Structures are given as C-alpha cells and as structure tokens.
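Asker: Generate a structure from the sequence data that follows.
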Amino acid sequence: MFLIRAAFWLSLVVFLLPADPQTGDQAPRVTAIEALVAARSAVLDLSAFCDRNADVCTTGSNAFQLFTDKVRYGVHVIQDYFDRPPADGNSDTLKREDMQPPWHGTTKKDQSA
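Answerer: Predicted coordinates for the structure are as follows:
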C-alpha cells in the first residue's frame, strides 16, 4: 500500500510540474478532469487486485512481514552494539594528561616585572 501511495503522490507532483514549451503540439494534452478520472479508475482497479490474486497478496504480505522483522532485528543488533561497554571494561577513553587542566600560572618573566 505504501508503494501505491508513494506512486500516487509522485504522479501528482509530476502532473503539477510545467511542461516543456518546446514540445508544442506534439505533446498529448490531458485535462485535469481526465487525469483525475483515470487516476480514480486505476485506484479502483488496484484496490480489487487482492480479490483477483489472493495468493499473490498473501505471498507479498508474508514477504513484507519478513522484511519488517529483519529491520527490527537489525536495529536491535545495532542498538545492542552501541550500548555494550568496551571489551577491556574501561569506558574512559581519556588519558590522565588529557584530564589535567591547562596551566594558567605565572612564569618567571611575569614575576620579575
């Protein structure tokens, strides 16, 4: 159903784009009413597809379910990978020198002035 909706909206966007003015009379002319009637007929025909081809719809539904299960499992594996602590048990990646504040004291030149 997602693909049908995506195709519909993409077709609507393409339909609303202006035509190439260089095509002139060669391009077929379709009014908005004709396009809407044709789209309505296509949607009605597609909505009855599963009635005519029940086995195809069942197989497609099972394939889509398998796909969504794999996506969920993949997201779970990735989430577990990033939530897992490092193998050495040390989650601190900073060295002791990195955590020392920078020196802001005076130098010998500053003391003599």
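Asker: Would you check how far apart Asp51 and Asp45 are?
Answerer: 11 Å (C-beta to C-beta, to the nearest Å). Bear in mind the C-beta positions are built from the backbone N, C-alpha and C, glycine included.
Asker: meant to ask about Thr58
Answerer: 20 Å.
Asker: Can you get me a residue count around Met1?
Answerer: As a burial measure, Met1 scores 8 neighbours (other C-beta atoms under 10 Å).
Asker: The closest residue in space to Ser11 that isn't next to it in sequence: helix or strand, and which one exactly?
Answerer: Among residues not flanking Ser11 along the chain, Ala39 sits closest, at 7.4 Å (C-beta to C-beta, 6 or more residues apart in numbering). Using DSSP states H and E, Ala39 maps to helix 32-47.
Asker: now that helix: how far from the chain's centre is it?
Answerer: Centroid displacement of helix 32-47 relative to its chain, using C-alpha atoms, centre = their mean, to the nearest Å, is 28 Å.
Asker: Quickly list what's touching both of Asp51 and Asp45.
Answerer: Residues touching both Asp51 and Asp45 (C-beta atoms under 8 Å, 6 or more residues apart in numbering): none.
Asker: quick one, phi/psi of Asn53?
Answerer: Backbone torsions for Asn53, taken as degrees, to the nearest 10, come to phi -130, psi 70.
Asker: swap in Trp103?
Answerer: phi -70, psi 130.
Asker: do the same with Asn62
Answerer: Dihedral pair for Asn62: phi -70, psi -40, per degrees, to the nearest 10.
Asker: go on, Leu17?
Answerer: Dihedral pair for Leu17: phi -70, psi 150, per degrees, to the nearest 10.
Asker: cool, Arg84 as well?
Answerer: The phi/psi pair for Arg84 (degrees, to the nearest 10) reads phi -70, psi 140.
Asker: How much space separates it from His76?
Answerer: Taken as C-beta to C-beta, the span from Arg84 to His76 is 12 Å.
Asker: what's the answer for Thr106, then?
Answerer: Taken as C-beta to C-beta, the span from Thr106 to His76 is 57 Å.
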